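**Q** dropping a prediction and its sequence here:
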Amino acid sequence: MDERKDFGENDGVIHYELQEFKLFEPLFKWARKKSLWIVAFCTGCGGIEMPPLATARYDFERFGIMPNPAPRMADLFLITGYVTPKTLKRIIITYEMMQDPKYLLAHGSCPINGGVYWDSYNVVKQLDKYIPIDVAIAGCMPRPEAVMDGIMEIMRKIETGEADGWKRYRENYEYYRRNQDKLFGEGWREKEAKRWLAWI
Amino acid sequence: MTLVPEAYVVPLTLFSPLVFGVLAWLFDRDWVRETLGVIGAAVPLTVLSLAYEKASSGTISYTIDTGVFKLHFVLNSLSWYFAFIGALVGIAMAFGLSSTSRRGYDWLFSLMSFTGVMGVFLARDFVSLFLFWELMTFGSFMMVLRRNRHESLKYFVLSVIGAYSMLLAIGMVYAKTGTLDYAMASQTLLLLTKMGGVSKAYVDTIFALFLLAFGVKAGVVPLHVWAPGAYGENDQSYTSFFSGVLSKAGVYGFIITLFVMPSLYGIYFAMGTFHGHLTGTYLIAWAGAVTVVVASFLAVLQEDIRKLLAYSSVGQVGYIILALGVFNGVAVGGAMFHVLSHAMFKGLFWLISAALILRTGKTRFEDFGGLAEKMPVTFAMALIAVLSLAGIPPMAGFASKWLIYEGAIQAHMPLVAGTIFLGSALAFAYVVRFLYAVWFGQRPSDLDDVREAPLPLLVGMTVLAIPNIVFGIAPGLAVRLINRFFNTNITVNSYYSISTPTGTYNALSVTLVLIVGLAIAGLVYIYGANARKIKVTNTYQSGNPVTEEYNLVIRRNFYRPLAEALDFWLKYSWDRFYERLANLSEDFADWLREGFYNGNVQSYSWYLAIILLILAIWGVL
Amino acid sequence: MFDWRLILDAIGILIYALIVGFIFMGIERKAMARIQRRIGPPIYQPIIDTLKLLGKKESVSHGFVYNFGPVFALGVSITALLFIPIANFQLFSSNADLIVVAYLLEVPMLGIMLGAMSSGNPYSALGVQRGLLTMVAMQLPYGLAIIALVQHWGTFKLSQLVALQQLQGWSITVPALALAFIVFDIVFQALLGLEPFDIITAPAEISMGPMVEYGGKHAALLFTQHAVQLFAETAFFAVLFFGGASNLLDLFLKQLLVLFIAIFVASIYPRFTIDQAAKFFWKWPTIIGIIAVLLTV
Amino acid sequence: MDMNENKTNEKVEETRLPDTKEGKLVKALIGKAPYAEGSVRRERRVEFHVPAERIHDFLELASETFEMLMQISVVDWLKEGEFEVVYQLWSVSEGVHAFVRTRIPREDAKLPTVMDIWPVAETYEREAHEFFGIIFKGNPRLGPFLLEPREYEKHPLRKDFNMLSYVKAIYGDDFDRYDESKTNYVI
């Protein structure tokens, strides 16, 4: 019990030791690049760009990309469109549930600077203040070709080791945490969980 | 053998539980009562273990002369096998009772039924069988009566029906043969059948009455309705004996009718055959098959831990009945083996439920959860029991089920064998329900201060858990015992390996390969990143945060889709049928009473006149 | 004391089964993709996936049983594999027979369920419930198919079954056993967890079913288990109905045939709900199975 | 007197309403509820204007033909100082979609709940309450609903809600494209 208290609310998501695979690391790096599983979590209007990507026309499965409903197995988190504070809470929780190494790809202009919802009370303006983005694709909405290009970019970054969002999240956790708490208020996880009790 | 003289073996086995039970009831003090009770249960086990050599090679007879008739008891390898299983579960029950019960009453009646069971197993004539049968029923009835009148009444009525039909059957046997000894009676009966002194219908009636009597105790559908209530509304430690051994008395009765009176073979032939199977045994096989399917389906749909185990117990005894009905060497060997393994794993199950109820005070699945962390040893025992019941290979439950499968398929009873497959899948389903609802998931907040089960209960569990593993890895041990008293057609290649004419099962090689497989898997596991323990609330709920305050685990109606698929069949219930029957007979009796005893003197004189007339016509007067 | 030849055989077959099982999984995905007019992943994709999962730098656990579940599942799958006669390698098949193998092939599911349930996730509980009910539903026709087979050949020993079939022709050439084959093939879809009985995982609906909480090395174990299981089940099918095989290539072709039947059926049928599946299994496959067993009595 | 008025009304309606399924529906309903005005917008679409004090009675009458409440939407008419509450009904039997409009003052925005007619109205009323601040008397669950807790009682969909300063207050520096001096923004 005491150990858990030290980790605080996020249940030790950040403060744990990484496994180092010295011998097989190049092999694993190659495998990581070739097998990106996407969390099936469609936020915003970019979700509708996913079917063409997955089906016969663009078929991202030929690069080993597969939509995967369970976040624990997934590697790539697509933020497909605008993010409201409410969605952001879920995104953070799901992102923390994914296991390192994990990558995050943001679609369209909304996650970058709010896009067309720049003056909305309900859309998060700058996503990378709350969670680290590895690759952002500009456009409103980006065409599937652009998304493919973004995915190629993330593959390249995995190969060179530049896709280190998960590392940044661990290292700068205080910063991200502060921003999250500023937007949602302290102790938002527990509060949010309790809010939904009334619905059940 | 030198320790206990031969003459004392049988009386010690028979009466020590009863005597110590009475003593425990008289000296109703803490510790004294428990010590006496455990001694009472331990004596038969010790005596039987010491008498193993003698009993397996020959027989130990014992006779009580009451003046009117003689009671014969024999300890041979068959009765030793059953009595030993009974004594093993009995000692476990005694350990369990010493932590779950604080009353001399419980000790008296549970040990009384212990004596009754021993008597049933050792009896060699119908009088002693009937006497001890009633003693056993009375003890168990008093245990239920203390807790629930309604359920005890149900048990009582069905037991009385069973007892009367047994009495009637014994009377019919005695009327024709003039003897009450098993062997003599059956021989005379066979002779009479051959000479035409006894009609076919007469023998069929005897057969049917015996089956009714023993079927009640074994809980064959549709005579099972007492079982869930009587098993459930009881001290759970005692239920381990009740369900583990008392139901075996019913099975033992089937064995008596089928094998101990060997000439009854002839009687089965007298009943004719049906598609190449003996009609009599074929009926038993189907009764067993129906029991397996009905009881297992009902077990899957239960919401109460005691009800689930009770129905599962009925279903497992159904396997034994089925295998006896299949009536070839392999299947009967399997039945005998299943008697052992069912007594072990179901006794273990009931002790676990006793521990759970003792520590939490709850019985419904919806109130349990997440206890694996709080009661780790009990959980380990539960895992053994579950693996054995579900029939996972290196466990006793698998070995016995394997024999039943082989026997049933070899006997060319395909549909009966099909029900075994269905029953085993259903067993998977209900043990998983038990595991999930009780041990895993989020713990309700009122179970946070649950402690591990008390030591005596754990000892009792261990006593029953060890045979599950030992006889699983070394099925040859049990089969060798069974081969002593019954020609099973099963070859024992070594302790670890048994083979039937068509198949073979080497438990040790399965165990070793399994260990190697687990080791390979474990190596892969160890190579990966170190696992970090997380809270139960850190779980994927479509991104929603999860709180301790709401329990997400599915606790109620876990198998709802199955109930939906079966809704047509679930409309009918034997329970309701009997209740309606009871109401009808009550109404009928009321009508009779009101019609006849109407207080009118004139009508009374009319009854008298009519009766006199009838007697006159019959020629009595 | 040790039979070194046997142990070497076992190790060799294990490695072979692992690779071929992964390839089968790849073929499954590739064939599905081709049927949907996609290019599809390379057929060695499952190997990459497993490597990646094994290479995850983090791993979480919900307790001992959660870890034990996948390990147990893989262990039992390996055990089941080693008791099936694979082509001309008898392995341990003289020590156990059809019933043992049929049981062992089902036990891994229990391992997965055990681990999945201990996570306390309601989605996995739902997956477990559906998995077990599918098992309950399919068990009756499955049993009937096996019974028909055993009644016809009169033996439970898999090696004898193979020998008899090579003498007297494959099982499917016998009319009654052809019916049993149909039943077994329907059940096989459920054994492999493919459509129309894939409600256990129901990927789009209840996030991977029982495996929702598994990730990293646990998921890698489950993938490996699936590969071994796939190989074992297809080999079991080939042994029962296609007369086993005399060499590995022969076996591979037969396994491929079985697999492709499963893939083609899976790619054109939608999904049954659980009570529909139960009602379906207890109707046609059971009736055909009963006819088959009565013909072979 | 009343009778006469009714008759003239009917005449007017008769001349105005087309002789279709929709026209007959409207006519029948107006006949029962003379306080309401009805018209046919187009095929399968009718419209009623009802005074706020009789809205509950009218909806109760209307629920006989229009079995389903599809939505409750609100329009904020800032200059007129009124909210227009639109009950969207659907007749399953006739296949006709009805808009029942009523107007209430912005300052004292109160309406009776229609939960007793359609239990589903609870959700729509909560939503209208949260976004516009309309109080539905009799609805027990009015309160924080969909929005973030801090946005409750701010009624963000009202026309006089100062969006830009609110966003500035919450998102601060992220809100970089906002400039007080500019009148037009290029997105």
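**A** Done, it's in. The structure presented is a predicted model; accordingly, all values stated were derived computationally and were not measured.

**Q** what's the helix or strand for the closest residue to residue B:385 other than its chain neighbours?
**A** Nearest non-adjacent residue to residue B:385, counting by C-beta to C-beta, 6 or more residues apart in numbering or on different chains: residue B:348, 4.3 Å away. Yep, even glycine has a C-beta here, placed from its N, CA and C like the rest. Assigning secondary structure by DSSP states H and E places residue B:348 in helix B:329-360.

**Q** list of residues touching whatever helix or strand comes next after that helix?
**A** Counting by DSSP H and E, the next helix or strand C-terminal to helix B:329-360 is helix B:376-390. With contact meaning C-beta atoms under 8 Å, 6 or more residues apart in numbering or on different chains, helix B:376-390 is reached by B:312, B:316, B:341, B:344-346, B:348-349, B:351-352, B:355-356, B:371-372, B:395-398, B:424, B:427-428, B:431, B:434-435, B:438-439, B:452-453, B:458, B:461-462, B:465, B:468-469, B:472, C:110.

**Q** quick one: buried ones out of those?
**A** Taking 16 or more other C-beta atoms under 10 Å in any protein chain shown as the criterion, what is buried in these is B:312, B:316, B:341, B:344-346, B:348-349, B:351-352, B:355-356, B:371-372, B:395-398, B:424, B:427-428, B:431, B:434-435, B:438-439, B:453, B:458, B:461-462, B:465, B:468-469, B:472, C:110.

**Q** okay, residue C:292: pLDDT?
**A** pLDDT for residue C:292: 91.

**Q** just say helix, strand or coil for whichever residue of chain A sits closest to chain D.
**A** When scored by C-beta to the nearest C-beta, chain A has residue A:125 as its residue closest to chain D, at 3.8 Å. Three-state call for residue A:125 (DSSP: H, G, I helix; E, B strand; the rest coil): coil.

**Q** test my guess that it contacts residue A:118.
**A** Yes - if you go by C-beta atoms under 8 Å, residue A:125 and residue A:118 touch, sitting 7.1 Å apart.

**Q** overlap in contacts, these two.
**A** residue D:175.

**Q** report the buried residues of stretch B:34-52.
**A** In stretch B:34-52, counting by 16+ other C-beta under 10 Å, buried: B:34, B:36-48, B:50-51.

**Q** that stretch: how far from the chain's middle?
**A** How far stretch B:34-52 lies from its chain's middle: 21 Å, per C-alpha atoms, centre = their mean, to the nearest Å.

**Q** show me where the chain has strands.
**A** Picked chain A for this. A:37-39, A:66-68, A:76-80, A:103-107, A:135-136 (DSSP state E).

**Q** looking at chain D here, not the other one
**A** Going by DSSP E, chain D shows strands at D:37-42, D:45-49, D:68-77, D:82-91, D:96-105, D:110-112, D:135-137.

**Q** next, the angle from the fifth one to strand D:37-42.
**A** Compare the direction of strand D:96-105 with that of strand D:37-42 by axes from the mean of the first three to the mean of the last three C-alpha atoms, to 10 degrees and you get 130 degrees.

**Q** neighbouring strands of strand D:96-105 in the sheet, and parallel or not?
**A** Note on strand D:96-105: by DSSP bridges, its sheet partners are strand D:45-49 (parallel), strand D:82-91 (antiparallel).

**Q** what comes into contact with it?
**A** D:21-22, D:25, D:41, D:44-52, D:55, D:58-59, D:62, D:66, D:70, D:77, D:81-91, D:110-111, D:134.

**Q** so which residue is dead centre in chain B?
**A** Ranked by distance to the mean C-alpha position of chain B (C-alpha atoms, centre = their mean), the top residue is residue B:247 at 3.2 Å.

**Q** contacting residues for the residue in the stretch 101-250 of chain C positioned nearest to chain D?
**A** Among the residues of the stretch 101-250 of chain C, residue C:122 lies closest to chain D, at 23.8 Å counting by C-beta to the nearest C-beta. If you count contacts by C-beta under 8 Å, 6+ apart, residue C:122 has them with B:541, B:552, B:553, B:554.

**Q** repeat that for residue D:25.
**A** D:46, D:65, D:91, D:94, D:96.

**Q** swap in 7 Å and give it another go.
**A** D:46, D:65, D:94, D:96 (C-beta atoms under 7 Å, 6 or more residues apart in numbering or on different chains).

**Q** check what pLDDT the last one gets.
**A** So that's residue D:96. Residue-level pLDDT assigned to residue D:96 equals 92.

**Q** mind checking how far it is from residue C:216?
**A** Per C-beta to C-beta, to the nearest Å, residue D:96 is found 57 Å from residue C:216.

**Q** for the third one, same thing?
**A** For residue D:94, the distance to residue C:216 under the criterion C-beta to C-beta works out to 58 Å.

**Q** compare these two (neighbour count), which wins?
**A** residue C:216 (25 against 17; other C-beta atoms under 10 Å in any protein chain shown).

**Q** ok, for the more buried one, nearest residue in space, not its chain neighbours?
**A** Among residues not flanking residue C:216 along the chain, residue C:56 sits closest, at 3.8 Å (C-beta to C-beta, 6+ apart).

**Q** need the three-state assignment for that neighbour.
**A** Classified using three-state DSSP, residue C:56 is coil.

**Q** give the contact list for it.
**A** Per C-beta under 7 Å, 6+ apart, neighbours of residue C:56: A:99, A:100, B:529, C:215, C:216, C:217.

**Q** show me where pLDDT drops low in chain D?
**A** D:1-15, D:177-187 (pLDDT under 70).

**Q** write out the residues of it neighbouring chain A.
**A** D:148, D:156, D:163, D:164, D:166, D:167, D:171, D:174, D:175, D:177, D:187 (C-beta under 7 Å from any C-beta of the partner chain).

**Q** tally up the residues packed near residue C:57, please.
**A** Residue C:57: 20 neighbours (other C-beta under 10 Å).

**Q** pick out the residue of the stretch 251-400 of chain B closest to chain C.
**A** residue B:392 (5.6 Å).

**Q** what does that residue show for phi and psi?
**A** Torsion angles at residue B:392 (phi, psi; degrees, to the nearest 10) stand at phi -80, psi 130.
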